[in-house]
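# 3D, please:
(2 chains)
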Amino acid sequence: DTGVSQDPRHKITKRGQNVTFRCDPISEHNRLYWYRQTLGQGPEFLTYFQNEAQLEKSRLLSDRFSAERPKGSFSTLEIQRTEQGDSAMYLCASSWPATDTQYFGPGTRLTVL
Amino acid sequence: EDKVVQSPLSLVVHEGDTVTLNCSYEVTNFRSLLWYKQEKKAPTFLFMLTSSGIEKKSGRLSSILDKKELSSILNITATQTGDSAIYLCAGVAAGGTSYGKLTFGQGTILTVHP
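Numbers count the residues shown, from 1 in each chain, chains lettered A, B, ... in the order given. Below is the predicted model of the structure:
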């Protein structure tokens, strides 16, 4: 399978714990995006990488959130000191340079108890 | 702040009906509009529209962009139960570090009954 993959698919954690999600984009794609989707809403942009450079972060991304893409391939999204409001689907997408079509992974569904 | 609004928020039809989903956008330095279908999983790409008035078509689905009205429509003819999903539209900004960022609408939930 050469699509975008995400791991884990589901994560249940207790409030206050740290969690980390991984995204592996399509191999030729140099752009990688993270979105968050809550029930009944469209995905909301969180952050975006071109190669290993993080070019934009949403105001939604509080200091508890950090994302990396150390070698310009896979990316990780870490949430520290999780809160119940962090419960959501976290989607990763990737695209070729200079194209607008983004291909999404299956998402990681986070539940914070 | 960029904004995309979809209507209706939900729609219930019977197989064979034709539906029209609407999307309006306010995106700074607008570049393109994308439509996605989401079925209990990640959004899957349907169409990308960049030019006004040119219809994109794929089987029973078609879409068109109106840059003057800052809007787009997605048509589905002869609906089937497999068309039941959330349909998302997203505006894409050009220029600077916002290049490529998708601003999504809240989606239209389409339910097709047999």
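# Where does the prediction get shaky in the chain?
As the question left the chain open, I've gone with chain A. Counting by pLDDT under 70, chain A shows low-confidence ranges at A:1.
# actually it's chain B I care about, not the one you picked
Of all residues in chain B, those with pLDDT under 70 make up the ranges B:95-99.
# What sits closest to whichever residue of it sits closest to chain A if chain neighbours are left out?
Taking CB to the nearest CB as the measure, chain B has residue B:104 as its residue closest to chain A, at 3.2 Å. Just so you know, the C-beta spots here come from the backbone N, C-alpha and C atoms, and that holds for glycine as well. Closest residue to residue B:104 apart from its sequence neighbours, by CB to CB, 6 or more residues apart in numbering or on different chains: residue A:42 at 3.2 Å.
# Kindly report the same for residue B:7.
residue B:22 (4.8 Å).
# Surely residue A:57 touches residue A:47?
Yes. The pair residue A:57 and residue A:47 passes the contact test of CB atoms under 8 Å, sitting 4.8 Å apart.
# Compare those two (neighbour count), which wins?
More neighbours surround residue A:47 than the other of residue A:57 and residue A:47, with 22 against 16 (other CB atoms under 10 Å in any protein chain shown).
# and that one, how far is that from residue B:45?
In this view, residue A:47 and residue B:45 are 21 Å apart by CB to CB, to the nearest Å.
# Tell me how many other residues crowd residue 29.
Just so you know, I chose chain A. Using other CB under 10 Å, residue A:29 has 17 neighbouring residues.
# my bad, the chain I had in mind was chain B
Residues near residue B:29, counting by other CB under 10 Å: 12.
# cool, and the one 10 residues further on?
Residue B:39 is flanked by 12 other residues according to other CB under 10 Å.
# how many neighbours does the residue of chain A found nearest chain B have?
Per CB to the nearest CB, residue A:42 is where chain A lies closest to chain B, at 3.2 Å. Residue A:42 has 22 neighbours, counted by other CB under 10 Å.
# so it makes contact with residue B:88?
Yes. Counting by CB under 8 Å, residue A:42 does reach residue B:88; the two are 5.2 Å apart.
# Between those two, which contacts overlap?
Shared contacts of residue A:42 and residue B:88, defined by CB atoms under 8 Å, 6 or more residues apart in numbering or on different chains, comprise B:6, B:104-105, B:107.
# As a markdown table, the residues you listed with neighbour count and secondary structure would be great.
As requested, the shared contacts of residue A:42 and residue B:88 are exported to a markdown table (neighbours: other CB atoms under 10 Å in any protein chain shown; DSSP: H, G, I helix; E, B strand; the rest coil):
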| residue | neighbour count | secondary structure |
| --- | --- | --- |
| B:6 | 22 | strand |
| B:104 | 22 | strand |
| B:105 | 23 | coil |
| B:107 | 23 | coil |
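# Export those residues as CSV, with columns for distance to residue A:71.
Below are the shared contacts of residue A:42 and residue B:88 laid out as CSV (distance: CB to CB, whole Å):
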residue, distance to residue A:71
B:6, 38
B:104, 29
B:105, 34
B:107, 34
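# Select, from these, the two members most distant in space.
B:6 and B:104 (8.9 Å; CB to CB).
# and for the two, which residues touch both?
A:42, B:88-89.
# any idea which of these is closest to residue A:76?
residue A:42 (23.9 Å).
# Identify the residues contacting that closest one.
B:4, B:6, B:88, B:90, B:104-107.
# Try it again at 10 Å.
Counting by CB atoms under 10 Å, 6 or more residues apart in numbering or on different chains, residue A:42 touches A:35, B:4, B:6, B:36, B:38, B:43, B:86, B:88-90, B:102-107.
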